[in-house]
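give me coordinates for this.
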Amino acid sequence: MKHTFMAIALAALTASTQAFAAAEPLKAQAPGFYRMMLGQTEVTVLNDGTVDLPVDQLLQQDAAKTIAALQKVHQTAPLETSVNAYLINTGKKLVLIDAGAGSLFGPTLGNVSKNLALAGYTPEQVDEIYISHMHADHVGGLSKDGKMVYPNATVRADATEAAYWLSEAEMAKAPDDKKGFFKNAMASLKPYQTANRLKTFSGKTELAAGIAAEPSAGHTPGHISYMVQSGDQRLLVLGDIIHVAAVQFDRPEVTIAFDSDATAAKKQRLALFKQATETGLLVGATHLQFPSLGYINANGKGYRWVPLNYQRIK
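Predicted structure coming up:
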């Protein structure tokens, strides 16, 4: 009887530790949104995904310097680079700043509308979409299969930006390897143009209560940053003022091959970093690591990125 009991106990123990089936890795992160309050305005950062960029070749400095800077923060080239958008709920309007890449950059991007839904909103609720510039990773998510992803939204963009990227004449003058930028912008904006839902503005403009366009041309001819304000709290959404944190905070003079006007892009970065440092602005930027919110501090001749601490919604 004693031996029988021990055999039963051993069998039970073996069964309790046995793996009945292999669990397949899910290979997916948690939903990519981060929510915070800016005064009385709700800000939700929506992650579009990441894309590998050969930043050692794209940044306009010796590749060895870029690789060394990346290695200091345990990164490598190509660099897995975030793409982010910003959903601003003022209480009166629901505004999306940029729309991600949609299907234009491959399967690792295109998640803005999905993460918007997971954050508790629907595309139909979006009232307006403010575009920082018309590169594909900012406007590709506007449309899908030739139809508006945000059917009730009006798209707002700088007049110079729209006149450049939506021009057949400008595309004809562009080098062959740049024509795709124009074609992607045209395809992404066309459904909104057809529906008379593309409205342009010029210069510093208040587009909605608490949201103002801040001209920052250089990366593209009509690049715009956006200032969001509620009470005495402000958030500056920089757009593509910076691409590679490991390099361009320490050396903001380093430009990137995507810049239309490298000299102007460098000037804008230096001015906006200085402004953010001196005024203590909260900032966000499309290609900073998700959730891409934080502060810029002076650091010798350069700057240092200070990520926002995780906050509970109050």
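
okay, now the closest residue in space to Pro54 that isn't next to it in sequence: neighbour count?
Counting by CB to CB, 6 or more residues apart in numbering, Pro78 is the residue found nearest to Pro54 once chain neighbours are left out, at 4.8 Å. All C-beta spots, glycine's among them, are computed from the backbone N, C-alpha and C. By other CB atoms under 10 Å, the residues close to Pro78 number 13.

how far away is Pro78 from His287?
Between Pro78 and His287 the computed distance is 14 Å (CB to CB, to the nearest Å).

and if you look at Ser132?
Taking CB to CB, one finds Ser132 at 11 Å from His287.

now swap in Ile296 and tell me
15 Å.

ok, now Asp62?
Applying CB to CB to Asp62 and His287 gives a distance of 21 Å.

my guess is Leu38 meets Leu236, correct?
No - assessed by CB atoms under 8 Å, Leu38 is found out of contact with Leu236, at 11.1 Å.

in the stretch 201-314 of the chain, where is pLDDT below threshold?
For the stretch 201-314 of the chain, no stretch has pLDDT under 70.

what are the boundaries of the helices in it?
With DSSP state H, counting those that start in this stretch as the criterion, the stretch 201-314 of the chain has helices at 245-248, 262-279.

can you list contacts of the first one?
For helix 245-248, the surrounding residues in contact (CB atoms under 8 Å, 6 or more residues apart in numbering) are 55, 59, 61, 65-66, 69-70, 72-73, 75, 242, 254, 269, 288-289, 305.

change it to 6 Å
59, 66, 69-70, 73, 75, 242, 254, 288, 305 (CB atoms under 6 Å, 6 or more residues apart in numbering).

which among these end up buried?
59, 66, 69-70, 75, 242, 254, 288, 305 (16 or more other CB atoms under 10 Å).

and the closest residue to Arg234 other than its chain neighbours, how far from Leu308?
Leaving aside its chain neighbours, Arg234 sits nearest to Leu281 (5.8 Å; criterion: CB to CB, 6+ apart). To Leu308, Leu281 is 12 Å away according to CB to CB.

got it, and Thr50?
Distance from Thr50 to Leu308, by CB to CB: 19 Å.

so for the two, which sits in the more crowded spot?
Thr50 (20 against 16).
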